[in-house]
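K.L.:
Model the structure of this input:
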Amino acid sequence: METLIEADRMQEFDLKKTRNIGIIAHIDAGKTTITERILYYTGKIYKIGEVDEGTATMDWMEQEQERGITITSASTTCFWGDARINIIDTPGHVDFTAEVERSLKILDGAVVIFCGVGGVEPQSETVWRQADTYKVPRIAFVNKLDRVGSDFFAVCEQMKERLSAKPLILQIPLGCENEFRGVIDLVESKAIIYKDDLGLKFEKTEIPEELKALASKYRLELIEKLAEADEITLEKFVHDIGIRPEELKETIRQATIKNKLVPVFCGSALKNKGIQMLIDAIVDYMPSPLGVPAISAVNPQTGVYEQRKPSDDEYLCALSFKVVADPYVGKLTFIRVYSGAIQSGTQVYNATKMIKERVGKIVQMHANRQKIVERVHAGDIAACVGLKKTTTGDTICDEKHPLVLEKMHFPEPVISMSIEPKTKIDQEKLSFALHRLQEEDPTFKVSYNKETAQTIISGMGELHLEILLDRMLREFKVAAKAGRPHVAYKETVAGKTKSEGKFIQQTGGRGQYGHVVLEIAPAERNSKIKFIDKIKGGAIPREFIPAIKEGINESAQTGILAGYPVTDVEVKLVDGSFHEVDSSELAFKMAASFAFKDGLKKARCILLEPVMDTEVIIPDEFLGDVIGDLNSRRVQIKSISQRAGAKAIRGYAPLAEMFGYATAVRSLTQGRGTYTMEPSFYAEVPLGILEKITGKK
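P.N.:
Numbering: from 1, shown residues only. You can find the predicted model right below:
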C-alpha cells in the first residue's frame with residue numbers, strides 16, 4: 001500500500017456534518033462505479049476510473065482489477081460542501097459477504113444500489129437482510145436506467161414484494177433507455193437535465209409538459225406516505241396547507257433515520273447522471289453519528305449494559321471491524337470510534353481479550369493509500385498500526401472503564417479443499433500465510449485432518465478459495481497445490497435419546513472415575529451444540545462441568561456417519577456420579593465424549609448439505625434445456641419470471657451438484673446464460689446420495 005506522509009494534525013470535524021455510509025448491492029449493480037463518481041464530483045480524484053478497465057480507485061487489489069469485481073471493502077473520506085462523508089465500498093459477490101456484514105456493523109447508513117434491468121437480485125435480498133439485522137437506515141439508488149430493458153417503477157415494486165420495504169420515490173427518470181437524459185426531483189418539483197457526458201453541466205428547469213401529470217401523481221403519493229409517518233405533515237396534508245421543500249426534507253430525514261421509509265433515487269453512473277443528487281441525499285437524509293442511538297455494550301466487570309455517547313468527552317469505546325495484512329507496515333486494524341478519542345503512540349485496552357495494546361500510528365485510508373494522522377475522534381473510521389493481538393470484533397476501550405461490544409456473527413464455510421506446499425521451503429511460509437489470511441477473513445477456516453495428514457482450508461465458495469490461493473502466491477510468495485473442492489457437509493441427529501458414558505481406570509495408584517448421563521435431541525438450525533446443565537443435588541461437582549462441556553464439543557468435531565462436524569444438537573447433562581478420590585477433569589471429559597458418541601448412534605444421525613439460493617438468467621429459447629439440467633441437479637425451482645427479454649429462474653440448489661455450473665450453463669445457452677448463488681440453509685441429504693458419500697448401504 002502507498003502511504004501519504006501527511007503528519008498535519010487532523011482537525012476534529014463537526015459530528016453533525018459527518019456521514020458514515022456504505023455502498024451495498026448485488027454483484028454488477030454498479031457500486032464501485034457509483035463510488036468512483038462520488039469521489040470525482042467531490043474532488044477527491046481528478047479522473048474517473050472504470051471497473052471494466054481495471055482503473056477504479058476503490059478496486060486496488062490486482063485480483064479486483066483483473067476480474068472487474070470488488071473483493072474487499074475499501075474505505076475513503078470525501079467532502080461535499082461543509083459535510084464530510086466516510087464511504088465504505090463493499091463487494092457484491094456472495095463469497096465475500098463477510099465484508100458486507102462487518103461494514104454494516106459499524107456504519108450509520110447505507111446506499112443500496114439496484115440495477116434498473118436486474119432489479120432486486122438474490123444478493124440484494126441478502127444485503128438488505130443484513131442491514132435489517134443492524135437496523136441501518138437506507139436510501140436506494142436505481143442505476144443503469146440508460147440500458148435497454150430498464151424499468152425504474154418495476155424495481156420499486158420489487159422492493160415492496162421481495163424486501164418488504166417501503167420505498168419513498170423522491171425522483172422519477174426523465175426519459176428511459178437510450179433516451180434517458182436526467183431526473184425529475186419530486187421534492188422541489190423540478191427537472192434536472194444533463195448537458196454533457198461528464199455530468200458536470202446540468203440545469204434545473206420546469207418539468208416537461210408531458211410528464212407533469214406523472215410527476216404530480218408521484219408527488220402526491222410521496223406526501224401521503226410522509227403523512228402516514230409524521231403527524232405534522234398529516235395535519236398540513238388534511239387541511240391542504242402547503243408544505244415547503246425544506247419541511248419535506250426534514251420529515252423524509254426523520255422517517256429514513258427511524259427506518260420507516262426508504263427514499264428512492266435514480267440515474268446512470270456509467271453515463272454520469274444523477275450522482276450529484278445522490279450525494280445531496282446522503283447529506284440530507286442519512287444520519288450523522290449523533291443521529292443514531294448511543295452505543296450500548298456490556299461492562300465485563302459488572303455484567304451490566306452501559307451506554308457511550310458519540311463524544312470525545314466520553315470514555316473510549318471503539319470496535320475493530322477488519323484486519324488487513326499490509327506488506328509495508330505489517331498489520332492494519334480498521335476501527336470505528338464510537339466514543340472518546342485515540343492518540344497515536346498511546347496505550348489502549350482490548351476488553352475482549354483483556355490485554356493492553358500500543359497504537360504505533362493511526363492512518364486514514366483512501367482505498368490502499370494511507371494518510372497519517374495523530375488522533376482520531378468519536379464518529380471516525382480509521383486504521384491503527386501496532387495492535388498485534390487485536391482481531392475482528394474486538395472492543396478497544398479505556399482500561400478503567402471497560403466495555404465489550406456485541407460480536408459480529410459470520411456464516412459458516414460451505415466448501416473445503418486440501419492444500420499442501422510444493423516444496424519444503426514453502427512449508428513455513430504456507431503456515432504463516434494461512435495464519436495471516438485467517439486473521440483477515442472470519443469466513444476462512446483452516447483445520448488439520450489427522451487421518452489423512454492434510455491441511456484443509458474452508459470458505460464461502462469456489463471464487464473465495466481461488467482468490468485466497470492467488471493471494472498466497474502473489475502476496476506471500478507461497479507455491480501451494482490445492483485439491484479438488486469438497487462440500488462442507490454437517491451431521492446432526494433426527495431423534496431424541498438418553499445416553500450414558502463411563503470412564504473408569506484402576507491402576508496401581510490413583511485411578512480415574514467419571515460417569516455422565518446425557519439427553520440428546522435435535523436443536524433449531526444454526527444453533528451448533530447447545531449444552532444445558534441440569535445437574536441437581538450435587539450428583540457431579542461444579543468444577544467438572546466445564547470438562548464435560550469440552551468433551552462434548554471436542555467429540556462433536558467428528559461425526560459417526562462420515563466424519564463431518566456435528567451441529568444443531570441440544571445436549572442436556574441430567575445425571576452422573578463421581579468418586580471422592582479418583583474423579584478428575586480428564587475422566588469426566590472422556591465420559592462425556594463416550595456418552596455423546598453413544599447418543600449419536602441411538603438418536604439416528606443424518607447428513608446435512610448446504611443448499612444455495614440460485615438464480616439463472618437465460619434467453620427465452622433455452623428455457624426447456626436449462627430447466628431439464630437443473631432438475632437433474634436436484635434443484636427445487638420456486639419461480640420463473642420474465643426479465644428484459646430473458647427468463648430468470650429462481651430455485652434451491654444443493655451445492656454438491658453445482659460445481660462447474662458456470663461452464664454447463666454457458667454450453668447450454670451458447671454462452672449467453674449467467675447464474676448467481678448464495679448459501680441459504682442446510683437440508684438432509686437424500687438416502688441415495690448419503691450411500692455414495694459414506695460408501696454404505
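K.L.:
Next SSE downstream of the lowest-mean-pLDDT helix or strand in the chain?
P.N.:
The helix or strand of the chain with the poorest confidence is strand 2-4; it has a mean of 36 (mean pLDDT, DSSP states H and E). Moving toward the C-terminus from strand 2-4, the first helix or strand encountered (DSSP states H and E) is strand 18-25.
K.L.:
Let's see that next one as PDB, backbone CA atoms only.
P.N.:
C-alpha atoms of strand 18-25 as PDB (Å, rounded to 0.1, in the frame of the first residue of the first chain):
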ATOM      1  CA  THR A  18     -20.300  13.700   9.300                       C
ATOM      2  CA  ARG A  19     -21.800  10.800   7.400                       C
ATOM      3  CA  ASN A  20     -20.500   7.200   7.800                       C
ATOM      4  CA  ILE A  21     -22.100   5.300   4.900                       C
ATOM      5  CA  GLY A  22     -21.700   2.100   2.900                       C
ATOM      6  CA  ILE A  23     -22.400   1.300  -0.700                       C
ATOM      7  CA  ILE A  24     -24.100  -2.200  -0.800                       C
ATOM      8  CA  ALA A  25     -25.700  -4.200  -3.600                       C
END
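K.L.:
what packs against it?
P.N.:
Secondary-structure packing of strand 18-25 (3 or more CB pairs under 8 Å, 6 or more residues apart in numbering; DSSP states H and E): helix 31-41, strand 83-89, helix 97-106, strand 109-115, helix 122-133, helix 275-285. Every residue, glycine included, has its C-beta placed from N, CA and C.
K.L.:
Return the angle between stretch directions for it and helix 31-41.
P.N.:
150 degrees (axes from the mean of the first three to the mean of the last three CA atoms, to 10 degrees).
K.L.:
Identify the residues contacting Asp380.
P.N.:
Shown in contact with Asp380 (CB atoms under 8 Å, 6 or more residues apart in numbering): Asn86, Arg336, Val337.
K.L.:
Go through the residues you listed and give me the one with the most neighbours.
P.N.:
Ranked by neighbour count (other CB atoms under 10 Å), the contacts of Asp380 have Arg336 at the top, with 28 neighbours.
K.L.:
Secondary structure element holding that one?
P.N.:
strand 330-339.
K.L.:
packing partners for that strand?
P.N.:
strand 317-326, strand 381-385.
K.L.:
weakest of these in terms of mean pLDDT?
P.N.:
When the helices and strands packed on strand 330-339 are compared on mean pLDDT, strand 317-326 scores lowest, with a mean of 84.
K.L.:
Okay, now the sheet partners of it, with direction.
P.N.:
According to DSSP bridges, strand 317-326 forms sheet pairs with strand 330-339 (antiparallel), strand 395-397 (antiparallel).
K.L.:
Pick the most deeply packed of those.
P.N.:
Highest mean neighbour count among those (mean count of other CB atoms under 10 Å): strand 395-397, with a mean of 27.
K.L.:
so can I have TSV of the helices and strands packed on strand 18-25 showing mean pLDDT and distance to Gly386?
P.N.:
As requested, the helices and strands packed on strand 18-25 are exported to TSV (pLDDT from 0 to 100; distance: least, CB to CB, whole Å):
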stretch	mean pLDDT	distance to Gly386
helix 31-41	86	29
strand 83-89	86	22
helix 97-106	79	20
strand 109-115	92	30
helix 122-133	82	31
helix 275-285	93	33
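K.L.:
For Val363, which of those is the nearest?
P.N.:
With respect to Val363, and counting by CB to CB, the nearest of those is strand 83-89 at 13.7 Å.
K.L.:
which residues in the stretch 51-200 of the chain form helices?
P.N.:
62-67, 97-106, 122-133, 152-163 (DSSP state H, counting those that start in this stretch).
K.L.:
I'd like these as CSV, with distance to Val292 appended.
P.N.:
CSV is the format used below for the helices of the stretch 51-200 of the chain (distance: least, CB to CB, whole Å):
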stretch, distance to Val292
helix 62-67, 30
helix 97-106, 11
helix 122-133, 13
helix 152-163, 21
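K.L.:
With respect to burial, which of those helices scores highest?
P.N.:
Most buried among these, given mean count of other CB under 10 Å as the contact rule, is helix 97-106, at a mean of 24.
K.L.:
Identify all contacting residues around it.
P.N.:
Against helix 97-106 from outside (CB under 8 Å, 6+ apart): 20, 22, 24, 71-73, 88, 90-91, 110, 123, 126-127, 130-131, 133-134, 136, 319, 321-322, 336, 381, 392, 408-411, 441-443, 460, 678.
K.L.:
Just give me the residue closest to the centre of the protein.
P.N.:
Glu101 (2.4 Å; CA atoms, centre = their mean).
K.L.:
distance of that one from Ala29?
P.N.:
18 Å (CB to CB, to the nearest Å).
K.L.:
and the residue lying closest to Ile529 once chain neighbours are set aside, how many neighbours does it have?
P.N.:
With sequence-adjacent residues excluded and distances taken as CB to CB, 6 or more residues apart in numbering, Ile529 is closest to Ala556, at 5.1 Å. Neighbours of Ala556 under the rule other CB under 10 Å: 21.
K.L.:
quick one: low-confidence ranges for the stretch 401-550 of the chain?
P.N.:
450-452, 507-509 (pLDDT under 70).
K.L.:
can you map out the strands along it?
P.N.:
415-421, 445-449, 454-459, 480-482, 486-487, 490-493, 497-505, 512-522, 529-533 (DSSP state E, counting those that start in this stretch).
K.L.:
Throw the ones you listed into TSV and include distance to Phe180, thanks.
P.N.:
Output for the strands of the stretch 401-550 of the chain, formatted as TSV (distance: least, CB to CB, whole Å):
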stretch	distance to Phe180
strand 415-421	41
strand 445-449	46
strand 454-459	40
strand 480-482	46
strand 486-487	44
strand 490-493	48
strand 497-505	64
strand 512-522	54
strand 529-533	54
